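>>> I'd like to go over a predicted model; first the sequence, then the structure.
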Amino acid sequence: MKCMQTPIIMSDLRFPEGPAFDRNKNCWCVEQLGESLVCISDHSAKRIQVGGCPNGIAIDGDGLVWFCDSGQNSIRTCNPETGVTETILKTLDGEPLNMPNDLAFDHRGQLVFTCPGPRLDSNEGYICVYNFEHKLHKIADGLYYPNGLAFTQNGRQLLVAETGRQQIWTGDWDAESASWTNRRVFAQTGGAIGPDGMALDEDGFLYVAIYGSGCIRVFDPAGNFVNDLITPGINPTNCAFDPFQRWWLVVTEAETGTVVSIPVLKKGIMRNTEY
């Protein structure tokens with residue numbers, strides 16, 4: 001493992017997840033047990049109480065904050081100016097969404113999100129897309145706790161962490177048909193629990209938060225293990241590159257309740273999308 005300093009950006013958080021950056025250079029994350037969204041700027045931070053159990057977070061091209069709510073089984077939005085929230089999705093084919101976990105926009109603004117359910121050892125997990133016509137459909141099912149997800153820089157591949165089987169899937173993403181095809185295993189991650197959230201750098205290297213193992217595990221574009229970056233606690237939940245290069249790789253860590261910065265030399269891909 002590679003030991004690095006991990007400056008603390010924010011502490012005293014109750015199970016942070018996320019993170020994502022907006023165009024105003026703010027870092028957003030969720031506080032699951034605090035039922036809040038957290039907006040961190042250079043000099044201050046604010047909480048927006050939203051209730052439920054906020055989980056993954058993404059920011060759209062208009063600056064609207066989207067988040068999964070695994071407690072209310074829904075996809076919700078929050079206006080960052082007013083703090084007003086709205087429930088956008090809560091059912092699929094007449095059934096409640098199964099504990100939405102993480103979400104990301106493709107390069108055209110379509111929303112993809114994971115629904116793992118409550119158990120690592122059950123294959124009831126699935127992945128959905130919410131398209132331009134405001135229609136919702138599954139693009140994959142039969143998964144053991146699908147979790148974090150990320151699009152490659154060209155938008156042509158979608159990577160998804162399957163925590164229950166400790167592996168990362170990749171597949172071809174077709175934005176026109178909103179479909180994920182030619183699925184194959186990208187990497188076996190290992191770990192005491194398994195892969196959670198993840199981020200890609202500008203060269204296609206994948207950085208995966210390994211929940212239960214205290215590290216961000218790095219893989220090259222071919223899925224080969226590169227190295228581990230140590231986190232301050234054993235439960236890193238997610239990571240994102242700061243596109244403004246103040247905080248390098250930003251990691252949310254649940255055991256210590258912190259958001260930290262791990263120095264890395266590479267730039268990353270913003271989780272929100274210019275579309």
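Cool, got the structure. What you are looking at is a predicted structure, and each value in this text was computed from that prediction instead of being measured. Residues are numbered from 1 along each chain as shown.

>>> Phe118 contacts Met99, correct?
Heads up, residue 118 is Pro, not Phe. Yes - Pro118 lies in contact with Met99 (CB atoms under 8 Å); the separation is 6.1 Å. Where you see a C-beta, it was placed from the backbone N, CA and C, and this is true even at glycine.

>>> So for the two, which sits in the more crowded spot?
The neighbour count for Pro118 versus Met99, taken as other CB atoms under 10 Å, is higher for Met99 (23 against 11).

>>> can you pull the contacts of the more buried one?
Counting by CB atoms under 8 Å, 6 or more residues apart in numbering, Met99 touches 70, 73, 115-118.

>>> Among these, name the buried ones.
70, 73, 115-117 (16 or more other CB atoms under 10 Å).

>>> Closest to Ala161 out of these?
Distances from Ala161 to the buried ones among the contacts of Met99, taken as CB to CB, are shortest for Pro116 (9.8 Å).

>>> doesn't Gly125 make contact with the closest one?
Yes - applying CB under 8 Å as the test, Pro116 and Gly125 come out as touching, 4.3 Å apart.

>>> Spell out which residues are contacts of both of the two.
98, 143, 145-146, 164.

>>> quick one: which of those residues has the most company?
Going by other CB under 10 Å, Tyr145 tops these with 27 neighbours.

>>> okay, that residue: pLDDT?
For Tyr145, the pLDDT comes out at 98.

>>> got a list of what it touches?
116-117, 119-120, 122, 125, 162-164, 194.

>>> Pull out the buried residues from those residues.
Here, 16+ other CB under 10 Å leaves 116-117, 120, 125, 162-164, 194 buried among these.

>>> Where strands are concerned, which of those count?
125, 162, 194 (DSSP state E).

>>> and of the shared contacts of Pro116 and Gly125, the nearest to Thr6?
Using CB to CB, the shared contacts of Pro116 and Gly125 come closest to Thr6 at Tyr145, 26.8 Å.

>>> From Gln167, how far out is the closest one?
11 Å (CB to CB, to the nearest Å).

>>> tell me, what's touching the two both at once?
Common neighbours of Tyr145 and Gln167 (CB under 8 Å, 6+ apart) do not exist.

>>> so where do the strands sit in the stretch 151-275 of the chain?
157-162, 167-174, 179-188, 194-200, 206-211, 215-219, 225-230, 236-241, 249-253, 258-262 (DSSP state E, counting those that start in this stretch).

>>> Report the angle between the fourth one and strand 215-219.
Looking back up the chat, that one is strand 194-200. Angle, strand 194-200 to strand 215-219, by axes from the mean of the first three to the mean of the last three CA atoms, to 10 degrees: 60 degrees.

>>> Same question for the last one.
Interaxial angle, strand 258-262 versus strand 215-219 (the same axes, to 10 degrees): 40 degrees.

>>> buried stuff in strand 258-262?
258-262.

>>> export those to JSON lines and tack on pLDDT and distance to Thr77?
Below are these laid out as JSON lines (pLDDT from 0 to 100; distance: CB to CB, whole Å):
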{"residue": "Thr258", "pLDDT": "97", "distance to Thr77": "26"}
{"residue": "Val259", "pLDDT": "97", "distance to Thr77": "22"}
{"residue": "Val260", "pLDDT": "97", "distance to Thr77": "27"}
{"residue": "Ser261", "pLDDT": "96", "distance to Thr77": "27"}
{"residue": "Ile262", "pLDDT": "95", "distance to Thr77": "29"}
